[in-house]
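**Q** missing the sequence, but the structure's below:
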């Protein structure tokens, strides 16, 4: 299921969709909806949503980061940068 979400997002990113989809993916990973909960993946998707102007994602990313260590945040930020570079 997680791989399917990644493939769907690749197509969405190419279509320049709004940050809402990325925000929803952040929520899915943050709360384990349809995927295993993963704070790093959630932070990545919230970061991408925030970069596309989703204000709710900014808040969620900040709240999530408060429960993460510096290494986890760095991994999430790197993953977001890599995703932006490849899409």
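**A** That came in fine, so what should we check first? This is a predicted model, so every value here is computed, not measured.

**Q** report the separation between the residue nearest the centre of the chain and residue 53.
**A** Nearest to the mean C-alpha position of the chain, by C-alpha atoms, centre = their mean, lies residue 45 at 0.8 Å. Counting by C-beta to C-beta, to the nearest Å, the gap from residue 45 to residue 53 is 14 Å. In short, each C-beta sits where N, CA and C put it, glycine included.

**Q** ok, now which ones touch the residue nearest to the centre of the chain?
**A** Residues counted as contacts of residue 45 (C-beta atoms under 8 Å, 6 or more residues apart in numbering) are 22-23, 25-26, 28-29, 57.

**Q** that one: which element?
**A** Using DSSP states H and E, residue 45 falls within helix 39-51.

**Q** quick one: distance of that helix to the chain centre.
**A** From the chain centre to the centre of helix 39-51 is a distance of 3 Å (C-alpha atoms, centre = their mean, to the nearest Å).

**Q** just checking, next helix/strand downstream of that helix?
**A** That would be, after helix 39-51 and using DSSP H and E, helix 55-65.

**Q** packing partners for that next one?
**A** Contacts defined by 3 or more C-beta pairs under 8 Å, 6 or more residues apart in numbering; DSSP states H and E place helix 55-65 against helix 19-31, helix 39-51.

**Q** tell me the angle of the first one relative to helix 55-65?
**A** Between helix 19-31 and helix 55-65, the angle formed by their directions is 20 degrees, by axes from the mean of the first three to the mean of the last three C-alpha atoms, to 10 degrees.

**Q** what is helix 19-31 packed up against?
**A** In terms of contacts (3+ C-beta pairs under 8 Å, 6+ apart), helix 19-31 is packed against helix 2-14, helix 39-51, helix 55-65.

**Q** buried set for the helix holding residue 45?
**A** For helix 39-51, a neighbour-count test (16 or more other C-beta atoms under 10 Å) marks 39-50 as buried.
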